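K.L.:
When you get a sec, could you give me coordinates for this:
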Amino acid sequence: MQAFELLLPLAVILLLSKSLGLGAHKCGMPAVIGMLVAGILVGLLRYVPWPYLQEAFFGAEAEYTIGVMSKIGVVLIMFSTGLGTDLKKLRSTGFASVVITVLGVLVPMGLGALVAFLFFPGAGILSVLFYGAILTATSVSVTVVVLKELGKLNTRAGTAIVAAAVIDDVLGIVILSVLTGFSSGGEQTGWDWFHPNAVLVSVKIVLFFVLAIAAGVGLRKLFDLMERRAPHNRRVPILSLGACFLYAYAAEKLFGVADITGAYLAGILLGGTLSETPYVESKVDTMGYLFFSPIFFASIGMDLDFGGITPAFLAFGCVYVIAALLGKLLGCGLGAKLCGFSGHESLRVGLGMMVRAEVVLICTERGVAAGLVDPALYPFVFCIILLSSVLTPILLKWSYRKEAKSA
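P.N.:
Below you'll find the predicted structure:
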């Protein structure tokens with residue numbers, strides 16, 4: 001296969017992803033849904049009896065190239081997410097957002113793990129917990145748009161949702177890092193946490209965060225100096241991207257922590273208080289969402305395997321989807337209620353935190369890569385994204401119906 005022939009699958013993936021992503025956005029859903037559908041459509045080409053098409057899209061070279069580009073895509077997504085995480089809100093949101101987030105993580109994780117344990121009693125504890133950890137992810141972009149349209153973004157519930165989402169991202173990544181670190185520390189099929197490498201794995205995880213944060217402090221000072229000398233210079237986003245890749249590499253290679261954790265942490269350390277953060281974030285988003293990120297989402301759609309869905313797994317998947325939706329609704333809603341929110345406000349907080357998008361896909365991909373999650377889960381994760389993105393705007397607007405009528 002000649003190198004130029006790889007341009008055909010890339011062209012088809014980009015054209016379909018952008019077209020269907022725009023269509024999904026027009027329908028009020030995340031663009032990621034359209035990109036996943038694009039991947040599913042490209043995956044259907046494997047059933048076309050044309051040898052050239054099979055080699056161009058599904059040959060060894062094509063799969064390797066698409067795999068490498070999708071890996072860069074997921075690293076860029078997490079780096080951009082880290083850049084957009086405003087740690088100042090962690091100091092200004094107060095106790096309520098912390099309680100909402102903690103319950104909004106523990107309840108869906110507990111429900112997901114319980115469902116996995118009941119359907120797969122022979123699975124190890126890491127596998128069961130990873131099924132639960134996938135459900136901790138949230139994405140409030142759809143919620144923010146709806147609250148802006150209703151003029152309710154700056155209300156008590158709206159502020160709590162946005163603030164809790166920041167803490168949710170941090171907690172979710174920490175949980176993912178710990179589980180990924182233990183999965184790389186040695187095979188574990190039972191329920192014994194204390195396998196021979198447990199202490200070493202724990203030390204490596206802690207050491208990674210300590211060294212990464214210490215190095216990040218030095219990087220921030222260096223970037224501050226560069227910004228003062230040459231504001232809006234292209235060297236800042238270029239060097240930021242280099243730091244992102246270095247963090248991602250070191251996390252996985254040296255410490256056994258997920259590469260996406262390294263990318264996310266690099267984004268947090270280089271973002272937030274740097275005056276150039278919006279400039280760097282815009283450049284990273286342009287590069288990521290222009291090329292690499294659509295390939296990542298489309299590659300997941302291409303790899304969807306409906307053949308692995310047995311009747312038993314179908315039953316598990318349906319219950320798992322329900323657990324995903326109810327977990328955030330009940331956990332975050334309960335947290336809001338415990339902090340003195342009214343019943344209507346607590347319902348709105350739970351609904352607002354229910355949406356999932358790209359991060360839940362990334363967590364699933366990590367679980368599949370670690371051998372802890374069945375690839376047949378992908379279609380159900382797709383259902384979680386679709387249902388939460390459709391139901392949340394409808395139910396949020398319904399929760400404000402009385403106020404709208406009064407106005």
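K.L.:
give me the low-pLDDT residue ranges for this structure?
P.N.:
1, 86-94, 145, 184-198, 232, 272-276, 402-407 (pLDDT under 70).
K.L.:
now the helix ranked longest in it: how far from the chain's centre is it?
P.N.:
Criterion DSSP state H: the longest helix present in the chain is helix 198-229. Distance of helix 198-229 from its chain centroid, counting by CA atoms, centre = their mean, to the nearest Å, is 22 Å.
K.L.:
Show me what that helix is packed up against.
P.N.:
Other helices and strands packing on helix 198-229, by 3 or more CB pairs under 8 Å, 6 or more residues apart in numbering; DSSP states H and E, are helix 156-183, helix 235-255, helix 259-270. For the C-beta atoms, the positions are set from N, CA and C on the backbone; glycine is no exception.
K.L.:
Out of these, which one sits most buried?
P.N.:
The highest average neighbour count among these, using mean count of other CB atoms under 10 Å, belongs to helix 259-270 at a mean of 27.
K.L.:
Please save the CA atoms from the next helix or strand after that one in PDB.
P.N.:
Proceeding C-terminally, helix 259-270 gives way to helix 277-287 as the next helix or strand, assigned by DSSP states H and E. Only the C-alpha atoms of helix 277-287 are listed here, as PDB (Å, rounded to 0.1, in the frame of the first residue of the first chain):
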ATOM      1  CA  THR A 277      -4.300  30.400  28.200                       C
ATOM      2  CA  PRO A 278      -7.200  31.400  25.900                       C
ATOM      3  CA  TYR A 279      -4.700  31.900  23.100                       C
ATOM      4  CA  VAL A 280      -3.100  28.500  23.700                       C
ATOM      5  CA  GLU A 281      -6.500  26.800  24.100                       C
ATOM      6  CA  SER A 282      -7.700  28.200  20.800                       C
ATOM      7  CA  LYS A 283      -4.700  26.900  18.900                       C
ATOM      8  CA  VAL A 284      -4.900  23.400  20.500                       C
ATOM      9  CA  ASP A 285      -8.700  23.300  19.800                       C
ATOM     10  CA  THR A 286      -8.100  24.400  16.200                       C
ATOM     11  CA  MET A 287      -5.600  21.600  15.600                       C
END
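K.L.:
check contacts around the most centrally placed residue in the chain.
P.N.:
Closest to where the C-alpha atoms of the chain average out (CA atoms, centre = their mean) is residue 359, at 0.9 Å. Residues near residue 359 by CB atoms under 8 Å, 6 or more residues apart in numbering: 81, 137-139, 169, 172.
K.L.:
Measure how the longest helix of the chain sits relative to helix 259-270, angle-wise.
P.N.:
Compare the direction of helix 198-229 with that of helix 259-270 by axes from the mean of the first three to the mean of the last three CA atoms, to 10 degrees and you get 40 degrees.
K.L.:
buried residues in helix 198-229?
P.N.:
Of the residues in helix 198-229, 201, 204-205, 208-209, 212, 215-216, 219-220, 223, 227 count as buried by neighbour count, 16 or more other CB atoms under 10 Å.
K.L.:
Out of those residues, which comes closest to residue 252?
P.N.:
Set against residue 252, the nearest of these by CB to CB is residue 208 (10.0 Å).
K.L.:
do you know how far the closest one is from residue 137?
P.N.:
Distance of residue 208 to residue 137, given as CB to CB, to the nearest Å: 21 Å.
K.L.:
do the same with residue 229
P.N.:
39 Å.
K.L.:
what's the answer for residue 277, then?
P.N.:
With distances taken as CB to CB, residue 277 is found 23 Å from residue 137.
K.L.:
More neighbours: which of these two?
P.N.:
residue 137 (28 against 20; other CB atoms under 10 Å).
K.L.:
still on that earlier bit, mind putting the helices and strands packed on helix 198-229 in JSON lines, distance to residue 329 included?
P.N.:
Output for the helices and strands packed on helix 198-229, formatted as JSON lines (distance: least, CB to CB, whole Å):
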{"stretch": "helix 156-183", "distance to residue 329": "13"}
{"stretch": "helix 235-255", "distance to residue 329": "33"}
{"stretch": "helix 259-270", "distance to residue 329": "26"}
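K.L.:
for the stretch 251-400 of the chain, what spans make up the helices?
P.N.:
259-270, 277-287, 293-302, 311-338, 343-352, 358-369, 378-399 (DSSP state H, counting those that start in this stretch).
K.L.:
Distance to residue 70 for those helices - can I get that in CSV?
P.N.:
Output for the helices of the stretch 251-400 of the chain, formatted as CSV (distance: least, CB to CB, whole Å):
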stretch, distance to residue 70
helix 259-270, 12
helix 277-287, 14
helix 293-302, 4
helix 311-338, 24
helix 343-352, 30
helix 358-369, 9
helix 378-399, 14
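K.L.:
Share the number of residues neighbouring residue 72, please.
P.N.:
By other CB under 10 Å, neighbour count at residue 72 equals 18.
K.L.:
actually residue 129, sorry about that
P.N.:
Count around residue 129 with other CB under 10 Å applied: 23.
K.L.:
do the same with residue 107
P.N.:
23.
K.L.:
How about the one 10 residues further on?
P.N.:
Other residues lying near residue 117 total 17 when counted by other CB under 10 Å.
K.L.:
Please apply the same query to the one 4 residues further on.
P.N.:
Applying the criterion other CB under 10 Å, we find 8 residues in the vicinity of residue 121.
K.L.:
helix, strand or coil for it?
P.N.:
coil (DSSP: H, G, I helix; E, B strand; the rest coil).
K.L.:
check contacts around residue 160.
P.N.:
93, 96-97, 100, 336, 341, 349.
K.L.:
could you check the distance from it over to residue 335?
P.N.:
Relative to residue 335, and taking CB to CB, residue 160 is found at 9 Å.
K.L.:
for residue 253, same thing?
P.N.:
Taking CB to CB, one finds residue 253 at 37 Å from residue 335.
K.L.:
what do you get for residue 307?
P.N.:
40 Å.
K.L.:
quick one: which of the two has more around it?
P.N.:
Set residue 307 next to residue 335 and count neighbours by other CB under 10 Å: residue 335 wins out with 28 against 7.
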